[in-house]
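A.B. asks: kindly generate the corresponding structure for this input.
(one chain, ligands or ions: 2)
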Amino acid sequence: MSGCLFCGIVEGTVPAKVVFQDEQALAFEDINPQSPVHVLIIPKRHVTSLQEVEAADQALLGHLVLTCNRVAAQKGLSSGYRLTVNTGRDGGQTVAHLHFHVLGGRRMTWPPG
Ligand code: 5GP
Ligand code: ZN
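C.D. replies: Ligands and ions are numbered 1, 2, ... in the order given. Predicted coordinates for the structure are as follows:
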């Protein structure tokens, strides 16, 4: 989608450190990491947020979660990681293209801010 930052990363017009990709998904390093490992996993097709997904996206969502697990393993996060999907304004979403945060490499705390 034109004007979307993460679509720009998919298209290659915005630079990013890509760690994994396949036909449907792209994984790249977060520009402002909140933990030693902080990777974003996105669908290559523009989807605005988790609130916008439909039944037809079920397989894509499953694929994205499996991709998160794969990236976590690739990054050596054998003792666990946090998967976060900030959704909408109250969820703290700042980029309007669905993304999963894989955070790891340190012990996470709860509750989040
Ligand atoms: P949100 O707040 O929407 O859940 O997460 C957006 C994430 O995108 C933030 O963690 C932020 O650091 C990251 N981000 C914002 N702009 C860029 C960028 O241009 N490149 C990369 N790699 N990450 C970005
Ligand atoms: Zn987009």
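
A.B. asks: what's the burial count for the closest residue in space to residue 72 that isn't next to it in sequence?
C.D. replies: Residue nearest to residue 72 in three dimensions, not counting chain neighbours: residue 81, with 4.7 Å by C-beta to C-beta, 6 or more residues apart in numbering. To be clear about C-beta, it is placed using only N, CA and C from the backbone, and glycine gets the same treatment. Residue neighbour count, defined by other C-beta atoms under 10 Å, stands at 22 for residue 81.

A.B. asks: wait, a helix at residue 6?
C.D. replies: Yes. In this structure, residue 6 lies within a helix as judged by DSSP: H, G, I helix; E, B strand; the rest coil.

A.B. asks: show me what contacts it?
C.D. replies: With contact taken as C-beta atoms under 8 Å, 6 or more residues apart in numbering, residue 6 is in contact with 40, 42, 95, 97, 99.

A.B. asks: ok, back up a step: from ligand 1, how far off is the residue nearest to residue 72?
C.D. replies: Relative to ligand 1, residue 81 is positioned 15 Å away (C-beta to the nearest ligand atom, to the nearest Å).

A.B. asks: for residue 94, same thing?
C.D. replies: In this view, residue 94 and ligand 1 are 4 Å apart by C-beta to the nearest ligand atom.
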